[in-house]
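Participant: The following block contains a protein sequence and its predicted model.
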Amino acid sequence: MSDRWSMLAFRCDSPDYALSLLSESLPSAGLCLEFPGTRIVKILNEIGEQQDGTRNDLVRLLQARHALTFQWWWNESEDVCCGIRLASGAAFVEFFLDGLDDAQEERLLSCIRGVYDSLAEQQIALGFVVDDQGDSQLYDWYGILAGQHLVSGELPDIAVVPRKTGERLLAHSPFPVSVQEEGEQLVLRRNT
């Protein structure tokens, strides 16, 4: 399990849409899906070993498995591990932030937040989470964001969610949280 972790969740029925959204957005943070200088995508198997593939292989595998882990590249030696899971009409995109320097993490998180804001305008955003300890990585985020479960422990460092979801999380959180309203979105920050 990664210590530093982020997740973007949005309504989505298509693996191709999820990958296209990321492929159009993440280059603004300096990331490339294909290994630099090649047309090869690095797909990670269940034990973390790299397997060469293409973007089409990613779509095909995601359609078959509904979950997949792969790498985005800053350069030939620096990457960020990403996982996508499709469940019940939603995509959950995880970024494992360990190993990123501060500038890389800031660029990536700023880009993901921009994607979330765009999805929120389309009313298909479900949540954007940043957790420096990684504890919330184990939570059932689909159930939480769908209103079926509550957070069983502390909220992550930052959770940006639609107002209704945020109000539900706040009503059941025994831990201190600061709240910032941004239109129909709430930004919840864990008080430390």
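Facilitator: Cool, got the structure. Residues are numbered from 1 along each chain as shown.

Participant: Helix or strand next in line after whatever helix or strand Q63 lives in, which one?
Facilitator: Per DSSP states H and E, Q63 falls inside helix 55-65. Using DSSP H and E, the next helix or strand after helix 55-65 towards the C-terminus is strand 67-73.

Participant: hmm, who's touching that next one?
Facilitator: The contact list for strand 67-73, computed with Cβ atoms under 8 Å, 6 or more residues apart in numbering, reads 26, 31-36, 41-44, 48, 50, 58, 61-62, 79-86. Using the backbone N, CA and C atoms, a C-beta is placed for each residue, glycine as well.

Participant: list the buried ones in that strand?
Facilitator: By 16 or more other Cβ atoms under 10 Å, the buried positions in strand 67-73 come out as L68, T69, F70, Q71, W72, W73.

Participant: if I pick the spatially most central residue of the chain, what's in contact with it?
Facilitator: Nearest to the mean C-alpha position of the chain, counting by Cα atoms, centre = their mean, stands M7 at 2.5 Å. Residues counted as contacts of M7 (Cβ under 8 Å, 6+ apart) are F92, V93, E94, F95, G127, F128, V129, Q137, W141.

Participant: quick one: the helix or strand of the chain with the lowest mean pLDDT to chain centroid distance?
Facilitator: Using mean pLDDT, DSSP states H and E, helix 141-145 stands out as the lowest-scoring helix or strand of the chain, at a mean of 83. Counting by Cα atoms, centre = their mean, to the nearest Å, helix 141-145 is centred 13 Å from the centre of its parent chain.

Participant: Likewise for stretch 19-28?
Facilitator: For stretch 19-28, the distance to the chain centre is 13 Å (Cα atoms, centre = their mean).

Participant: please renumber so the chain begins at 30
Facilitator: New numbering, starting at 30: the last item is stretch 48-57.

Participant: Buried residues in stretch 207-221, which are they?
Facilitator: By 16+ other Cβ under 10 Å, the buried positions in stretch 207-221 come out as Q214, L215, V216, L217, R218, R219.

Participant: helix/strand/coil for the second one?
Facilitator: Same thing as L215. Per DSSP: H, G, I helix; E, B strand; the rest coil, the secondary structure class of L215 is strand.

Participant: what is it paired to in the beta sheet?
Facilitator: V190, E210 (DSSP bridges).

Participant: so what pLDDT did it get?
Facilitator: Looking at L215, its pLDDT reads 95.

Participant: In this structure it contacts L184, no?
Facilitator: No - L215 lies out of contact with L184 (Cβ atoms under 8 Å); the separation is 11.3 Å.
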